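Colleague: my questions concern the predicted model and sequence given below.
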Amino acid sequence: QGVLVPGLGTFAVIHEQIHGKEKLYVVRKPVFQLDIDMSCLQELVFPTVMIPGDIEIMPLDYWWLSQTNSLPPDVVRGCVEETILLYSFQLRDRQRPAFAFENIGILSCQDNVLCMQFHCSCIAGLESQDTWVALLLT
């Protein structure tokens, strides 16, 4: 399942097969598919990530988020929308702030490459059997 954050992109978990010397590994790996207005990405490069069509993409659950911080869902939605808008404006103005997602990772720009770096704990939480393989792939 994936989660669409409107104006920013989609987070999903994909299964990837890796052929080892003696074993086939199938690991769960987090991915992020950027969906920012391309006019914001002047001079920036972003790795192309394709989320397979068989993965169900759900909209961001503002009600669930509101339960984690005791704010009404409409306030949470407004905060998310304003934060993404601010981030887009900063990219357009050639500022390169990092965008941190708690317990997930950091969207950052290094050498004009905008990329999502997932926390090791996020990857390990998704893949308990072949954690090291998943960490190396991500």
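Modeller: Received it, and whenever you're ready, just let me know what you need. Everything numeric in this text was worked out from a predicted model, so none of it was measured. Residues are numbered from 1 along each chain as shown.
Colleague: OK, contacts around the residue nearest the centre of the chain?
Modeller: Averaging the C-alpha coordinates of the chain gives a centre point, and the residue nearest to it by CA atoms, centre = their mean is Phe32 (3.7 Å). With contacts defined as CB atoms under 8 Å, 6 or more residues apart in numbering, Phe32 is in contact with 9-12, 49, 105, 107, 116. For the C-beta atoms, the positions are set from N, CA and C on the backbone; glycine is no exception.
Colleague: mind checking how far stretch 39-53 is from the chain centre?
Modeller: Averaging C-alpha positions (CA atoms, centre = their mean, to the nearest Å) puts stretch 39-53 12 Å from its chain's average.
Colleague: buried stuff in it?
Modeller: Residues of stretch 39-53 classed as buried: 40-41, 44, 46, 51 (neighbour count, 16 or more other CB atoms under 10 Å).
Colleague: low-confidence regions, the protein specifically.
Modeller: Across the chain, the ranges flagged by pLDDT under 70 are 127-138.
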